[in-house]
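Colleague: any chance you could fold what I've pasted below:
(chains A and B, ligands or ions: 2)
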Amino acid sequence: MIRNYIKTAFRSLMKNKGFTIINVLGLALGLATCLLIVFYVFDELSYDRYNEKADRIYRVNDDIKFGGNTNSYAVSPAPMAAAMKADFPEIEQIVRFRGKGGNQVKKGNQNIEEDMMIYADPSVFDVFTLPMISGSPTTALTEPHTIVITEQIAQKYFNKTNVVGQVLTFNDTAQYKITGVIKNIPHQSHFHFDFFISMSTLAESRDIAWLSSNFNTYILLKPGTDYKKLEAKFDAFYKKHAGPQLEDILHLNFAKFEQGGNYIRINLIPVKKIHLYSNRVAEFDANGNIDYVYIFSAIAIFILLIACVNFMNLSTARSSNRAREVGVRKVLGSARKYLIAQFLTESIIVTLLGAVIAVFAAWALLPLFNQMSGKELIITPHIVSWLIPALFIIIIVIGCLAGSYPALFLSGFNPIDVLKGKLANGFKGGLLRSFLVVFQFAISIFLIIGTLVIYNQLKFIQNKDLGYNRDHVLTVGNIGALGNSANTFKQEVKQIAGVTDASLSEALPTWDYGNGTTLFKDQAPDQKRALNTQFWGIDEDYINTLGMKIIKGRNFSKEMLTDSTGLIINEAAAKVLAFSNPIDQKLYAPTDNMVKNLKAYHIVGVIKDFNFKSLRLNVTPLVFRLDGGRGAFCVRVNSANIPALLAQIKKSWSGVAPNYQFDYSFLDQQFDSLYRSEQRIGTIVIAFTSLAIIIACLGLFGLAAYAAEQRTKEIGIRKILGANMSTIVGMLSKDFIGLVAIAIAIASPLAWWAMKQWLEGFAYRQNIQWWELALAGIAAVFIAFITISFQSIRAALTNPVKSLRSE
Amino acid sequence: MIKITNLEKFYRTEEVETIALNKLSIEVKTGEFVAIMGPSGCGKSTLLNILGMLDDPDEGSYVFNGIEVAHFTERKRADLRKHNIGFVFQSFNLIDELTVFENVELPLIYTGVPSSERVKRVEEVLDKMQIMHRRNHYPQQLSGGQQQRVAIARAVVNKPKLILADEPTGNLDSSNGNDVMELLTDLNEQGTTIIMVTHSEHDARYSHRIIRLLDGQTVMENIMI
Ligand SMILES: Nc1ncnc2c1ncn2[C@@H]1O[C@H](COP(=O)(O)OP(=O)(O)OP(=O)(O)O)[C@@H](O)[C@H]1O
Ligand SMILES: [Mg+2]
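Modeller: Ligands and ions are numbered 1, 2, ... in the order given. Got it, this is the predicted structure:
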């Protein structure tokens, strides 16, 4: 019997090749996209789960409002870890990390820039699952100047992993003894360090200041501890330890501090949530975003729905053509259940074909998708182990869903009615079908609007006036390695023809750099007269090199000796300070973490606000002081021959730092890389939206073909009575276009609302334009019309004699 | 009004070539009522379709009102057709989704008659066919005879010079069939040329002349009157 079903099903599918191809293709496309998204989402959700104790690991966060500035930090004060461990028995272990930044690591007589470095307490191996393949986790980071490296770094520098006891030299000076080699950190981790340096190396780790946060602190709770209960105790804990210091510095207690509208709040985030939910100052990596997980999941579901709807629509539509077959079969004595089985067999075969193609398509597209998404997804045996049963279920569910309507509906019909052709009339209304078409197009239009808004916002970010000029600015890395020769290098570079200006500074606007401090208006710190701000050292060429604008006062000048205590503030800082004329006003900056000593500065200029953080955030206060620093070197170039210019700069570099790599990049590229993840999301969304629309159109194409087929007789009669082609095309398109119009009416407000939510996440945003909605609507109508025209023109061109003959 | 000479029409399927019309020559004068008879498959419908400019011949000439139309483009034929020719079919070919009134109105819409004028003319012709009271019914709600009257109403509403009827009584009983023949005779008496395909000798007697076809060729013409 089954054999007979399958045989008949195959014949029927072969007979209607067009429908079969549309169905299989639509399903395959839909399922393939869905699979890719499922891989992506699972990958995003699997972050940090490689830690065996992941359920008990939490990071300590600080939320601070002070001096006119609100910040969320992923870092905590140095002494907090020890105090927590002492105060809370529910904490089993605690570990601190302190960023180290890039360094030159010696290999032979070559120096290689390495960025993935961190200071860590020895307890890191108790908290995180970082299996050691050489060395002992219990002693590895206990001594100063010891280091643990990953397998890949061991291979890179020594060509073997058994390197405990060997020494690594940083910046030609500092030496670190290797005490352990760990396995490479999994891709799905919120940090990816290659070098773990013992915390005891760092004097700052023994600092006792509670009002300065620099340490990423993670706690491991004892099994069964409720972290919310622990969190509730933090307020008292913090006040107990930091209170005396606050009193000491600001001469007020916490109650007063809070009355001033300020706060310092300590809280915890489960390590498994960091990747998707945390976006604080001083994260280790650019994290993901749960919004995108939701957006992608929604798109996946939408696409699958669209594909299913196609399948259902076409199956039901086509089944009315088979009414006669059903009638004859029934007259000949076929029982209802055999007919049901027959229809279901057909739809399951189609789904199966679609699913098989989808799996291969997803597998083939994975590298492309990885490139688009910046991920490293691979199909592992683990994935296959749940994929196969899942696909099996999907095939049965979709197959039955799509097959059930025609199966139940047609098989239930009275054969006499069917043979008399009454069914055909009953089918023309097709309310369900209209509903499904509206549904599909509403989704497509929603996606089109979403894509337009995302695309527009990204373009807006890219073209926004940032307050500085990022074009034609070259930056040179490793400048810290030059030591005191940095200035010589700068002077040499300035002499090169084609160089307009060059500057040494602590940081560049494209860096995720944080050097926060609090400035006071008075010698005696008063919380009400404080400015919490970024505090960057720059030289007198910085503002010109980066094309920033001074709106009040003047730039730093070498001639003015008093400028060594001069400050240039941005508009945001000026707003908080609220001086009627900020020029020549005094500000006092603490020179130590305990705010024991204050240094007097005076304001010489105000600079137009420029964006030095993500455009998701507003510009916050920033103050420049005159101090070249050793962090960044940027050059404004004005030359058509960049390679020649680079060669010259490189020559100067080799003169001052022969042992170090010359490493450069362009500021605009750095800026673009800040938004790379957004760009990627944008590309993926656009790709998936296009797919969704293609699938929806495939369905519409099939339906239009069906509708034209259903109406062949009518079209024939109308043509005989004198209707011309455009009348016929118009008549056939009218119904569908009407449905698309309804879809527009439903989808536009929904999309408008949803995209508004997304845009709220940007401090700087391009609000949704009416033309975006209009364009999406026009596009949908246009696409639908083209799709339908293909069929209706064909129908209109058919010789009416033929259509009437076939009746 | 109509003159066809050496008209040929072939149908090619994969294996066989059917000669539907074989060097056929016929002339029909304005105001005539002609019946075409012959065994099934001899090419009657094919001939009628060509006369009605729904199809074009493969060879030969077709002069309609002094114009050679054998190789007219589809668009020109359609234009000529909608102003000059009305059709009546065996299976009525009414549009199920439209009411009696709307069915009859269609040809007027396609020839661009303004709406008020359309109402007047449709009502006039429905009245004449005595189906005015059914104007808002759908075809399925009518008997065969009534449906055919609607079809005839639709064929004449544009006041065509020529009516082509393919077995108009084929699906009707004899009394309904006679009514339809009376209607056609009336129309003919008012000056409309009628060419009718029929299998019934009884119906053929309403015409002035019978053309008998066999395998796509004329075998006999008898003039009746
Ligand atoms: N579209 C077509 N394709 C192939 N052959 C066709 C086609 N239309 C008609 N024929 C053939 O042409 C011949 C004439 O057909 P036609 O329909 O004109 O016959 P008829 O005289 O009207 O017959 P009946 O009295 O049964 O209606 C037949 O042999 C038929 O098989
Ligand atoms: Mg015939």
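Colleague: which residue, other than its chain neighbours, is closest to the residue sitting nearest the centre point of chain B?
Modeller: Chain B has B:Leu164 as the residue nearest its centroid, 1.7 Å off, counting by CA atoms, centre = their mean. Leaving out its chain neighbours, the residue that sits closest to B:Leu164 by CB to CB, 6 or more residues apart in numbering or on different chains is B:Gly52, at 4.8 Å. All C-beta atoms are positioned from the backbone trio N, CA, C, and that covers glycine.
Colleague: pretty sure that neighbour is touching B:Ile85, no?
Modeller: Yes - taking contacts as CB atoms under 8 Å, B:Gly52 lies within contact range of B:Ile85: 5.5 Å.
Colleague: so who does the residue nearest to B:Leu164 touch?
Modeller: B:Gly52 makes contact with A:Ile720, B:Arg81, B:Ile85, B:Phe87, B:Leu164, according to CB atoms under 8 Å, 6 or more residues apart in numbering or on different chains.
Colleague: and for A:Asn279?
Modeller: A:Asn287, A:Asn289.
Colleague: can you rerun that using 7 Å?
Modeller: A:Asn287 (CB atoms under 7 Å, 6 or more residues apart in numbering or on different chains).
Colleague: pretty sure A:Ser189 sits in a strand.
Modeller: No - per DSSP: H, G, I helix; E, B strand; the rest coil, A:Ser189 lies outside any strand segment and is coil.
Colleague: hang on, the earlier thing: among the contacts of B:Gly52, which lie within helices?
Modeller: Counting by DSSP state H, the part of those found in helices is A:Ile720, B:Arg81.
Colleague: wait, which of the contacts of B:Gly52 is closest to A:Ile149?
Modeller: Closest approach to A:Ile149 among the contacts of B:Gly52 (CB to CB): A:Ile720, at 85.6 Å.
Colleague: next, A:Ile94: phi, psi?
Modeller: Backbone geometry at A:Ile94, expressed as degrees, to the nearest 10, gives phi -150, psi 140.
Colleague: give the buried residues for stretch A:124-141.
Modeller: Neighbour-count burial for stretch A:124-141 flags A:124-130, A:132, A:134-135, A:137, A:140-141 (criterion: 16 or more other CB atoms under 10 Å in any protein chain shown).
Colleague: need these in CSV (columns: pLDDT, distance to chain B and secondary structure).
Modeller: CSV is the format used below for the buried residues of stretch A:124-141 (pLDDT from 0 to 100; distance: CB to the nearest CB, whole Å; DSSP: H, G, I helix; E, B strand; the rest coil):
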residue, pLDDT, distance to chain B, secondary structure
A:Val124, 95, 77, helix
A:Phe125, 95, 78, helix
A:Asp126, 94, 78, helix
A:Val127, 96, 74, helix
A:Phe128, 96, 72, coil
A:Thr129, 95, 70, coil
A:Leu130, 95, 73, coil
A:Met132, 94, 77, strand
A:Ser134, 91, 78, strand
A:Gly135, 91, 81, strand
A:Pro137, 92, 81, coil
A:Ala140, 92, 83, coil
A:Leu141, 94, 83, coil
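Colleague: farthest-apart pair in these, please.
Modeller: It's A:Val127 and A:Ser134 that sit farthest apart of the buried residues of stretch A:124-141, by CB to CB, at 20.4 Å.
Colleague: can you pull the contacts of B:Met132?
Modeller: B:Met132 sits next to B:Glu123, B:Leu126 when contact means CB under 7 Å, 6+ apart.
Colleague: need the per-residue pLDDT for the residue nearest to B:Leu164.
Modeller: Predicted confidence (pLDDT) for B:Gly52: 89.
Colleague: from A:Asn593, how far out is it?
Modeller: According to CB to CB, to the nearest Å, B:Gly52 stands 101 Å off from A:Asn593.
Colleague: now do A:Ala54
Modeller: 33 Å.
Colleague: next one: A:Leu221
Modeller: With CB to CB as the criterion, A:Leu221 and A:Asn593 are 29 Å apart.
Colleague: look at the two and report which has more neighbours.
Modeller: A:Leu221 (21 against 17; other CB atoms under 10 Å in any protein chain shown).
Colleague: surely that one touches A:Glu90?
Modeller: Yes - here A:Leu221 reaches A:Glu90: they are 5.8 Å apart, a contact under CB atoms under 7 Å.
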